[in-house]
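Novice: okay, predicted coordinates and the sequence, questions at the end:
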Amino acid sequence: MTDAVLERAAAEAAAGGAVLTLAEIDAREAEALLARYGLTLAWVEPGQPIPGSYWGEPEAGLIAHTVYARADTPVHSLLHEACHLIVAPAERRAAIHTDASDSQAEEDATCCLQIMLADALSGVGRARLMADMDAWGYTFRLGSARAWFEHDAEDARAWLAARGLPNG
């Protein structure tokens, strides 16, 4: 399939309100991705509260070096919370519980990084993740995650680059 076909399919799936959940991807890939950045993915049993969840269930939670999630947690949520920990300085990471954002610049960098890291998960990718971000309700000046990422995320990329994090 072409990129355009894949992007259209991702947008249509997300437009129907169906955001991709962890149950629909290879959990081992998600665990390995987080481990590359010194993070642990802690699985929460179905129906149980998710520790450190800022938005409430089924959204991912974070405490120090651990991201908490259930099978019904959206992939975009797991990546967003993990990226908050990835971009946080090591000295601050250990103290993070539930609310990780330090500034708008850090929030933008988190969104940018989560889009890039989506490519590391089979069956996810940038197009699907950005469509899911829009379906969930992320808001960007240019009207969509894709428009922001492609045309307005230079500051976020520079912020990531200055810290030696992926930025492309």
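Specialist: Okay, I see it.
Novice: quick one: residues in contact with stretch 161-168.
Specialist: Residues outside stretch 161-168 that contact it (CB atoms under 8 Å, 6 or more residues apart in numbering) are 86-87, 109, 112-113, 116-117, 157-158, 160. Glycine gets a C-beta too; all of them are placed from N, C-alpha and C.
Novice: out of the residues you listed, which are inside helices?
Specialist: Secondary structure defined by DSSP state H assigns 86-87, 109, 112-113, 116-117, 157-158, 160 of the contacts of stretch 161-168 to helices.
Novice: can you give me the strands in the protein?
Specialist: 40-43, 61-63, 66-69 (DSSP state E).
Novice: distance to Asp99 added to these, as TSV?
Specialist: Output for the strands of the chain, formatted as TSV (distance: least, CB to CB, whole Å):
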stretch	distance to Asp99
strand 40-43	18
strand 61-63	9
strand 66-69	14
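Novice: for Ser103, find the nearest of the ones you listed.
Specialist: strand 61-63 (17.0 Å; CB to CB).
Novice: and the closest one, what other elements does it pack with?
Specialist: Packing contacts for strand 61-63, counted by 3 or more CB pairs under 8 Å, 6 or more residues apart in numbering; DSSP states H and E, involve strand 66-69, helix 75-87.
Novice: sheet-wise, list the partners of the first one with their directions.
Specialist: According to DSSP bridges, strand 66-69 has the following sheet partners: strand 40-43 (parallel), strand 61-63 (antiparallel).
Novice: and the contacts of it?
Specialist: Taking CB under 8 Å, 6+ apart as the rule, strand 66-69 contacts 22, 34, 39-44, 50-53, 60-62, 77-78, 81-82, 85.
Novice: quick check, Ser77 in contact with Ala60.
Specialist: Yes - counting by CB atoms under 8 Å, Ser77 touches Ala60, with 4.4 Å between them.
Novice: pretty sure Ala118 contacts Arg128?
Specialist: Yes - using CB under 8 Å, Ala118 is in contact with Arg128, at 7.0 Å.
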